[in-house]
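Trainee: return a 3D structure for these sequence lines:
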Amino acid sequence: MKFKVYRGCDRGLSHRGCGRQDKQLNTYDWLADIPGNIDTTDLVEVQFKNTRKGYYHNVNNLDLKKGDIVAVEANPGHDIGVVTLTGRLVELQLKKANIKSPDDIRRIYRLAKPVDMEKYYEAKAREHATMIESRQIAKGLGLDMKIGDVEYQGDGNKAIFYYIADERVDFRQLIKDLAAAFHVRIEMKQIGARQEAGRIGGTGPCGRELCCATWMKNFVSVGTNAARFQDLSLNPQKLAGMCAKLKCCLNYEVDDYVEASRRLPNREIVLQTADADYYYFKADILAGLVTYSTDKRQAVNLETISAQRALDIIEMNKHGEKPISLQGDGQQRQDNRPVDLLADADVTRFDSARRKKKKNRSRDNRSEQQGKKEHAEGKQNDSRQHDQRRPSRQGRQNPSADSQTKGEKAENHHEEGKQ
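Mentor: Take a look at the predicted model:
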């Protein structure tokens, strides 16, 4: 069998095996390349809007593959969905979905026709406006509930309203009002905050797509004990997911942490040595390492030892014996300080050329400043000499000025005498 590169819903080198994550709760069909895989069962997995899936019998023996759009049996009418899985793995998916009654498994009518797709797109175009109007109707009735999503059936004869409510809600009057407003059959489905996050989708703080939107179907209760076992900070902002509940991934590794923590010593036991007493500070649970401090409240003289070594010291203290140190008899505590690669190197070895340039520049600057000072001093001396010469000239001119004033005074006095 030759491998083909599929586009659209299928992508990769596998023969109809690996699908792109364009559909939520997508399943990798690792049996797709096995001959006769499709002939083992007539069950087909069909996915609808967001995370809603259904399982149907291929009674007409249609040649279905992943990505085909089919018309399936519904009550009433028919619905339009996308084939996401065929073959032997569908039986395993039935067990996960906990579907036991054969009445829950209906039939596939046909591949979707253009007429079916036109009705489907018309019904989907009304979903958002229906959700907004239904919220206003529920608010007018004073119901403590939130309608999170609306899904129309493929033929437009039925609408599913997904809502969230903390308490039980009597929505009998709401169903009547919705049926009168939209003229379709109404079905109400209550979902939780985790199911709503799965239907909407998104990216988690880990950078990957949400687990509830990709592969997780059954939700298990998560408690803060899972964070305590893993020695995580009990910060609600870090422990909460997109749904404002505790992250489901807290339960993924909690069993390994519980098993590993059983091999660690008790936190309340104090290790006694010949040097000092050591108190529990922190532990690397999976690595089996414990760190002790000489101070009960602060990180002082920290020493990290293995859990087995700590248990051996505890057993020695019970018999009244004290080891020389935590690391072992005759061994000194290892210094885990970071190594400075430039401790013995001359950091200024590249600055010698720059220093010479700076020195030459400073010498030139000094000579320039000295020349400027000498030039300024020369100017000052010239001005002083010029000022000294000025009084002599004035002295020469003053006698004539005095004689003129004396003559003027005499004339004035002579004129006064005449009068």
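Trainee: packing partners for the helix or strand Gly148 falls within?
Mentor: Assigning secondary structure by DSSP states H and E places Gly148 in strand 146-152. Using 3 or more Cβ pairs under 8 Å, 6 or more residues apart in numbering; DSSP states H and E as the contact test, the elements touching strand 146-152 are helix 127-140, strand 158-164, helix 193-200. The way it works is simple: take the backbone N, C-alpha and C, and place the C-beta from them, glycine included.
Trainee: now mean neighbour count, distance to Met316 and mean pLDDT too, for the ones you listed, in JSON lines please.
Mentor: Output for the helices and strands packed on strand 146-152, formatted as JSON lines (neighbours: other Cβ atoms under 10 Å; distance: least, Cβ to Cβ, whole Å; pLDDT from 0 to 100):
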{"stretch": "helix 127-140", "mean neighbour count": "15", "distance to Met316": "69", "mean pLDDT": "94"}
{"stretch": "strand 158-164", "mean neighbour count": "20", "distance to Met316": "59", "mean pLDDT": "93"}
{"stretch": "helix 193-200", "mean neighbour count": "20", "distance to Met316": "50", "mean pLDDT": "85"}
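Trainee: could I get the ones you listed as a markdown table with distance to Thr304?
Mentor: Written out in a markdown table, the entries for the helices and strands packed on strand 146-152 read as follows (distance: least, Cβ to Cβ, whole Å):
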| stretch | distance to Thr304 |
| --- | --- |
| helix 127-140 | 57 |
| strand 158-164 | 48 |
| helix 193-200 | 39 |
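Trainee: out of those, nearest to Glu374?
Mentor: Closest approach to Glu374 among the helices and strands packed on strand 146-152 (Cβ to Cβ): helix 193-200, 84.2 Å.
Trainee: touching the closest one from outside, list them.
Mentor: Under the contact criterion Cβ atoms under 8 Å, 6 or more residues apart in numbering, helix 193-200 has outside partners 24, 50-51, 148-149, 162, 164, 191, 210, 212-213, 216, 219, 241-245, 248.
Trainee: that one vs strand 146-152, what angle?
Mentor: Taking axes from the mean of the first three to the mean of the last three Cα atoms, to 10 degrees, one finds helix 193-200 and strand 146-152 inclined to each other by 40 degrees.
Trainee: from here on, call the first residue 566.
Mentor: Yep, numbering from 566; the last one is helix 758-765 now.
Trainee: tilt between helix 758-765 and strand 723-729?
Mentor: Using the same axes, to 10 degrees, the direction of helix 758-765 lies 130 degrees away from that of strand 723-729.
Trainee: after helix 758-765, heading C-terminal, what element do we hit next?
Mentor: Past helix 758-765, heading to the C-terminal end, the next element that is a helix or strand (DSSP H and E) is helix 776-779.
Trainee: hmm, who's touching that next one?
Mentor: Helix 776-779 is contacted from outside by 586, 589-591, 616, 759-760, 762-767, 769, 784, 808, 813-814, using Cβ under 8 Å, 6+ apart.
Trainee: contacting residues for Ala832?
Mentor: Careful, residue 832 is Arg and not Ala. Listed by Cβ under 8 Å, 6+ apart, the contact set of Arg832 reads Tyr845.
Trainee: re earlier: need the buried ones from the contacts of helix 758-765 selected in PyMOL.
Mentor: Command for PyMOL that selects the buried part of the contacts of helix 758-765, burial taken from 16 or more other Cβ atoms under 10 Å:
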select buried, resi 589+615+616+713+714+727+756+775+777+778+781+784+806+807+808+810+813
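Trainee: neighbours around Trp843, how many?
Mentor: Actually, residue 843 is Tyr. It isn't Trp. The number of residues packed near Tyr843 is 26, by other Cβ atoms under 10 Å.
Trainee: next: the one 5 residues further on.
Mentor: Other residues within reach of Ala848 by the criterion other Cβ under 10 Å amount to 21.
Trainee: what's the answer for Asp644, then?
Mentor: Using other Cβ under 10 Å, Asp644 is surrounded by 26 other residues.
Trainee: please enumerate the strands of the stretch 566-715 of the chain.
Mentor: Counting by DSSP state E, counting those that start in this stretch, residue ranges of the strands within the stretch 566-715 of the chain are 608-612, 618-622, 634-638, 643-651, 671-676, 711-717.
Trainee: save those strands as a markdown table, and put in mean pLDDT too.
Mentor: Converted to a markdown table, the strands of the stretch 566-715 of the chain look like this (pLDDT from 0 to 100):
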| stretch | mean pLDDT |
| --- | --- |
| strand 608-612 | 92 |
| strand 618-622 | 91 |
| strand 634-638 | 94 |
| strand 643-651 | 92 |
| strand 671-676 | 93 |
| strand 711-717 | 92 |
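Trainee: re the thing from before, give me the buried stretch members for the strand holding Gly713, please.
Mentor: Taking 16+ other Cβ under 10 Å as the criterion, strand 711-717 shows 712-717 as buried.
Trainee: same question for stretch 816-836.
Mentor: By 16+ other Cβ under 10 Å, the buried positions in stretch 816-836 come out as 819, 822, 825, 829-830, 836.
Trainee: ok, of these, which one's closest to Tyr685?
Mentor: Using Cβ to Cβ, Val819 is the member of the buried residues of stretch 816-836 that lies nearest Tyr685, at 43.5 Å.
Trainee: which one is the closest one nearest to, not counting chain neighbours?
Mentor: Ranked by Cβ to Cβ, 6 or more residues apart in numbering and with sequence neighbours excluded, the top spatial neighbour of Val819 is Ala791, at 4.5 Å.
Trainee: and what of Ala825?
Mentor: Ranked by Cβ to Cβ, 6+ apart and with sequence neighbours excluded, the top spatial neighbour of Ala825 is Ile850, at 4.9 Å.
Trainee: list the contacts for His693?
Mentor: In this structure, His693 makes contact with Val715, judged by Cβ under 8 Å, 6+ apart.
Trainee: against Pro830, how distant is it?
Mentor: In this view, His693 and Pro830 are 59 Å apart by Cβ to Cβ, to the nearest Å.
Trainee: next one: Ala745
Mentor: Per Cβ to Cβ, Ala745 is found 69 Å from Pro830.
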